[in-house]
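S.K.: no FASTA, just this:
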């Protein structure tokens with residue numbers, strides 16, 4: 001698709017990552033040795049009694065929380081839990097118990113294996129990493145090569161939120177701003193643009209806000225193929241989705257209404273990928289945008305709910321990604337749309353309140369069990 005071009009040999013990149021990870025693991029081990037876990041002060045018999053009351057998934061995770069706990073309760077419950085399910089989907093869900101036990105790796109459902117992760121890498125510097133096939137196959141959002149948000153980033157952000165700093169990347173790594181120029185409206189017209197993106201986690205769901213502002217010269221409005229030219233300037237992460245190449249449903253109608261002063265600037269809901277978006281038009285009254293006389297300023301904001309990021313096959317995540325060379329018409333999220341109204345995702349972002357679907361949905365099996373907070377570190381030591 002043109003965006004994934006690794007800048008270094010994969011073997012060399014893996015070797016560098018392994019060295020960094022060993023350094024990180026050594027620091028974690030030293031810190032852990034200095035902090036005696038509260039639960040370790042209990043007699044072994046009491047710990048075994050606690051384990052006997054846990055549900056199978058929690059019992060399996062409990063035995064992996066620390067080396068001491070593993071010796072105390074054994075691994076039979078873990079073995080029974082992982083070998084029990086027969087379907088591949090159930091097996092993938094259950095094997096995430098191992099992901100919770102080892103902070104140095106994350107589980108890739110596409111490859112059905114664990115990958116090491118580098119805490120220093122996020123969407124802003126993905127091109128410098130060694131790219132795997134699953135990064136592209138699992139879908140991604142992007143703003144050209146400057147910013148590429150893959151499923152790996154989304155999952156690691158949720159892992160960090162669920163289990164602690166060692167398990168993923170911080171939300172600060174999702175923040176990106178850029179001022180640039182484009183000649184989308186002709187080689188003689190070089191107009192300024194602004195782009196920004198940031199993320200929040202609300203009720204264990206990853207929300208993404210992106211915004212793009214561009215100066216529209218009068219000549220562009222009078223020329224042919226205005227919308228086709230504008231679309232070339234828009235970042236995919238602002239307007240695009242996996243179902244087709246036209247972008248959010250009703251987006252260009254909203255732009256037309258806004259330019260014609262017929263819009264009330266209300267939030268719209270894409271009928272395909274369940275994204276809130278808002279289009280506004282006003283005069284360029286800042287120094288940054290006063291370069292084109294009699295121009296107008298067009299701004300587009302989008303609020304996306306990327307879901308709980310537990311599976312790259314979930315439509316809640318996949319509906320937002322780049323279509324690439326795939327056939328259109330298979331990337332919608334129509335099931336979720338029956339529960340959404342325009343403005344709900346934006347309200348969840350602004351007010352940091354749960355989405356209706358998150359408040360009434362099933363409990364996430366990867367949430368912290370009660371014993372998790374008894375331990376200052378849940379890694380094997």
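M.R.: Now that the structure is in, tell me what you want to look at. Since the structure is predicted, the reported quantities are computational estimates derived from the model, not experimental observations. Numbers count the residues shown, from 1 in each chain.

S.K.: flag the shaky bits of this protein, pLDDT-wise.
M.R.: 1-37, 85-86, 127-130, 262-263, 285-293, 331-338, 357-381 (pLDDT under 70).

S.K.: all strands for it, in order.
M.R.: 105-108, 113-116, 140-142, 148-150, 176-182, 191-202, 205-216, 268-269, 275-282, 296-305 (DSSP state E).

S.K.: TSV for these, including mean neighbour count and distance to residue 70?
M.R.: For glycine as for every other residue, the C-beta is placed from the backbone atoms N, C-alpha and C. Putting the strands of the chain into TSV (neighbours: other C-beta atoms under 10 Å; distance: least, C-beta to C-beta, whole Å) gives the following:
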stretch	mean neighbour count	distance to residue 70
strand 105-108	19	17
strand 113-116	14	18
strand 140-142	25	37
strand 148-150	27	33
strand 176-182	14	41
strand 191-202	19	30
strand 205-216	22	32
strand 268-269	20	48
strand 275-282	21	44
strand 296-305	22	37
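
S.K.: among those strands, which is nearest residue 91?
M.R.: strand 105-108 (11.1 Å; C-beta to C-beta).

S.K.: who does the closest one pair up with?
M.R.: strand 113-116 (antiparallel) (DSSP bridges).

S.K.: quick one: distance of the partner strand to the chain centre.
M.R.: How far strand 113-116 lies from its chain's middle: 18 Å, per C-alpha atoms, centre = their mean, to the nearest Å.

S.K.: same deal with stretch 89-100?
M.R.: For stretch 89-100, the distance to the chain centre is 19 Å (C-alpha atoms, centre = their mean).

S.K.: pull out the buried positions in it.
M.R.: 92, 93, 94, 95, 96, 97, 98, 99, 100 (16 or more other C-beta atoms under 10 Å).

S.K.: between the residues you listed, which is closest to residue 149?
M.R.: Among the buried residues of stretch 89-100, and counting by C-beta to C-beta, the member closest to residue 149 is residue 99, at 20.3 Å.

S.K.: separation between that closest one and residue 58?
M.R.: In this view, residue 99 and residue 58 are 15 Å apart by C-beta to C-beta, to the nearest Å.

S.K.: distance to residue 330 added to the buried residues of stretch 89-100, as JSON lines?
M.R.: JSON lines is the format used below for the buried residues of stretch 89-100 (distance: C-beta to C-beta, whole Å):
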{"residue": "92", "distance to residue 330": "22"}
{"residue": "93", "distance to residue 330": "24"}
{"residue": "94", "distance to residue 330": "28"}
{"residue": "95", "distance to residue 330": "27"}
{"residue": "96", "distance to residue 330": "27"}
{"residue": "97", "distance to residue 330": "32"}
{"residue": "98", "distance to residue 330": "32"}
{"residue": "99", "distance to residue 330": "29"}
{"residue": "100", "distance to residue 330": "32"}
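
S.K.: from those, which land in helices?
M.R.: Counting by DSSP state H, the part of the buried residues of stretch 89-100 found in helices is 92, 93, 94, 95, 96, 97, 98, 99, 100.

S.K.: in this structure the last one contacts residue 61, no?
M.R.: If I follow you right, that is residue 100. Yes. Shown here, residue 100 and residue 61 form a contact pair, counting by C-beta atoms under 8 Å, at 5.5 Å.

S.K.: where does residue 249 fall, phi/psi-wise?
M.R.: Here is the backbone geometry of residue 249 (degrees, to the nearest 10): phi -60, psi 130.

S.K.: please disregard the earlier target; I meant residue 352.
M.R.: phi 50, psi 50.

S.K.: and the one 3 residues further on, by the same measure?
M.R.: Reported as degrees, to the nearest 10, the phi and psi values for residue 355 are phi -70, psi 150.

S.K.: once you drop chain neighbours, what's closest to it?
M.R.: residue 348 (4.9 Å; C-beta to C-beta, 6 or more residues apart in numbering).

S.K.: for the one you found, give me its contacts.
M.R.: Contact partners of residue 348, counting by C-beta atoms under 8 Å, 6 or more residues apart in numbering, are 202, 207, 303, 305, 354, 355.

S.K.: how far away is it from residue 354?
M.R.: Taking C-beta to C-beta, one finds residue 348 at 7 Å from residue 354.

S.K.: picking up where we left off before, and the furthest pair within the contacts of residue 348?
M.R.: 303 and 354 (14.6 Å).

S.K.: can you report how many residues neighbour residue 311?
M.R.: 20 (other C-beta atoms under 10 Å).

S.K.: now the one 4 residues further on
M.R.: Other residues within reach of residue 315 by the criterion other C-beta under 10 Å amount to 18.

S.K.: dump the residue contacts of residue 174.
M.R.: By C-beta under 8 Å, 6+ apart, the neighbours of residue 174 are 122, 123, 149, 153, 157, 197, 198, 199, 208.

S.K.: of the strands of the chain, which is nearest residue 257?
M.R.: Short answer: strand 275-282, nearest of the strands of the chain by C-beta to C-beta, at 8.0 Å.

S.K.: many thanks, I have nothing further to ask.
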